[in-house]
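> How does the following fold in three dimensions:
(chains A, B, C and D)
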There are 2 protein chains.
Amino acid sequence: MARHKEFDRDEALHKAMEVFWARGYAAASIQDLVKQMGINRQSLYDTFGDKHTLYLKALDRYGEVEGRRIFELLEQPGSVKKSLRQLFDGVVEGSLCEGQRRGCFMGNAMSELAGRCKETAAKTCSNMAAAEGAFYRALLRGKKEGELKAVRDPRAVARFLYSSLQGLILMAKATQDRKTLEDVVKVTLSVVD
Amino acid sequence: MARHKEFDRDEALHKAMEVFWARGYAAASIQDLVKQMGINRQSLYDTFGDKHTLYLKALDRYGEVEGRRIFELLEQPGSVKKSLRQLFDGVVEGSLCEGQRRGCFMGNAMSELAGRCKETAAKTCSNMAAAEGAFYRALLRGKKEGELKAVRDPRAVARFLYSSLQGLILMAKATQDRKTLEDVVKVTLSVVD
DNA sequence: GTTGTTCTGGAACGATTGTTCCAGAACGGG
DNA sequence: CCCGTTCTGGAACAATCGTTCCAGAACAAC
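The predicted model follows:
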């Protein structure tokens, strides 16, 4: 006895994610969101709640998508070093060609809101833990397979890798100089050499 | 034949810096600025121009203050390792006690605006170069004095240190777990060991 | 004291903010 | 068909946004 939804909820949320990702929380207006999501203003409020709630849902969505990407990249069989190299090189490459450098939505959220908004802090923190976990498992596998014998404290190195990745992504927002970014990657990866 | 300024220009700019630092560009309103700076609305516009111009001036100001701090810390005679340890430990310590974690204004500016605003990109980039230079000179000194014989490419390591510092500061916004942050510092500094 | 400049507080500007209300069209199940 | 739900576009809301205008007070040089 009810009418069906005309729009795809997931697709709309994905669009919202891209808006918040590119513009941040404060600079993204409901107007922008309505236009980019391609749905009605009222539908937005009915389906996703207010702006802040929508933002948190978009952040969740990003965590799932990006988490899966990192997971798959690090879980692929073969050299762990090669996987890490792939991950970091991808950031350098991406930030050089991408027209509007959006960085990492999680990193952006930490920078803009995590200091003042507990929910954002919690979400970014748990995403950090998830990524750290992926790094950790990859390092353990590398140790077991004899590739990373030099790694003494895999938990610490995993945390370091996440922090370095965020630092690199941040730098890539300011500079487009390839050599600078490659230098950072080179030294970072030397830790697992 | 003119009336003197009633307020201290530098002091007002310093206050503006703190507002933008804590809240970011978009979330800081002129209202906030007027109140915190303790000057009149009109005086703000007459003295500093519009919001965007004021933001860039505040960013410059931060660059000077923070640049001098890092410069002095790294230029002090004695062990370079100890100076680096001091710098990174200071971040960990600071982010644990500081009530409202503001992070680094430069990092915040990169995250929020550098991808879309050329002036912000230029300013954050040149600040990055300055900090990188301070790291570079310290590393060179360490090599000359025999403390850092293992450092092969000081330019690359300097860039790495800046990126790592930003990554650490970013993580400190999301988590308050001391062990996590100390792990990052430990592995980071192992590069210059 | 007069004159000229610049300060100050407050009102006012139009635009945009996030959010809600409304009327009607579109659809599914009885 | 009809009833009930939910879609849609647009108007409307009060609040706040960045910015400008204005009238008068405060001061410096003459």
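
> OK, contacts around the most centrally placed residue in chain A?
Centroid-nearest residue in chain A: A:Cys104, 4.5 Å away (criterion: C-alpha atoms, centre = their mean). Counting by C-beta atoms under 8 Å, 6 or more residues apart in numbering or on different chains, A:Cys104 touches A:Glu66, A:Gln166, A:Ile169. The way it works is simple: take the backbone N, C-alpha and C, and place the C-beta from them, glycine included.

> Give the ChimeraX command for selecting the buried subset of these.
Buried members of the contacts of A:Cys104, defined by 16 or more other C-beta atoms under 10 Å in any protein chain shown, are picked up in ChimeraX with:
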select /A:66,166,169
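
> Could you dump the contacts of A:Cys104 into JSON lines with secondary structure and pLDDT added?
JSON lines is the format used below for the contacts of A:Cys104 (DSSP: H, G, I helix; E, B strand; the rest coil; pLDDT from 0 to 100):
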{"residue": "A:Glu66", "secondary structure": "helix", "pLDDT": "94"}
{"residue": "A:Gln166", "secondary structure": "helix", "pLDDT": "98"}
{"residue": "A:Ile169", "secondary structure": "helix", "pLDDT": "97"}
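
> From the contacts of A:Cys104, pick the one nearest A:Phe20.
A:Phe20 has its nearest neighbour among these in A:Glu66, at 13.6 Å by C-beta to C-beta.

> Enumerate every residue touching that closest one.
By C-beta under 8 Å, 6+ apart, the contact list for A:Glu66 reads A:Cys104, A:Phe105, A:Met106.

> The residue in chain A that chain B sits nearest to: what's its closest spatial neighbour, skipping adjacent residues?
Residue nearest to chain B within chain A: A:Gly167 (2.8 Å; C-beta to the nearest C-beta). Closest residue to A:Gly167 apart from its sequence neighbours, by C-beta to C-beta, 6 or more residues apart in numbering or on different chains: B:Gly167 at 2.8 Å.

> helix, strand or coil for that neighbour?
Here B:Gly167 is helix, with the state taken from DSSP: H, G, I helix; E, B strand; the rest coil.

> so how many other residues sit close to A:Ser29?
As a burial measure, A:Ser29 scores 12 neighbours (other C-beta atoms under 10 Å in any protein chain shown).

> Over to A:Ser111?
Neighbourhood size, A:Ser111 [other C-beta under 10 Å]: 29.

> Would you quantify the distance from it to DNA strand D?
Distance, A:Ser111 to DNA strand D, using C-beta to the nearest atom of the strand, to the nearest Å: 19 Å.

> Excluding sequence neighbours, find me the nearest residue to that residue.
Leaving aside its sequence neighbours, A:Ser111 sits nearest to B:Ser111 (C-beta to C-beta, 6+ apart; 3.8 Å).

> Phi and psi next, for the one you found.
Main-chain torsions, B:Ser111, degrees, to the nearest 10: phi -60, psi -50.

> any idea how far A:Cys125 is from it?
According to C-beta to C-beta, to the nearest Å, B:Ser111 and A:Cys125 sit 17 Å apart.

> what do you get for A:Arg9?
Using C-beta to C-beta, one gets 27 Å for the distance from A:Arg9 to A:Cys125.

> Check A:Val185 too.
For A:Val185, the distance to A:Cys125 - C-beta to C-beta - is 25 Å.

> do the same with A:Ala158
15 Å.

> For those two, work out which one has more neighbours and name it.
Per other C-beta under 10 Å, whichever of A:Ala158 and A:Cys125 has more neighbours is A:Ala158, with 24 against 20.

> any idea of the pLDDT on the more buried one?
You'll see A:Ala158 listed with a pLDDT of 98.

> Helix, strand, or coil at it?
Put simply, A:Ala158 is helix when judged by three-state DSSP.

> what do you get for A:Tyr62?
When classified by three-state DSSP, A:Tyr62 comes out as helix.

> Please name the residues that touch the closest residue to it other than its chain neighbours.
Spatial nearest neighbour of A:Tyr62, chain neighbours left out: A:Phe105 (4.4 Å); criterion: C-beta to C-beta, 6+ apart. By C-beta under 8 Å, 6+ apart, A:Phe105 lies in contact with A:Met17, A:Phe20, A:Trp21, A:Ala58, A:Leu59, A:Tyr62, A:Glu66.
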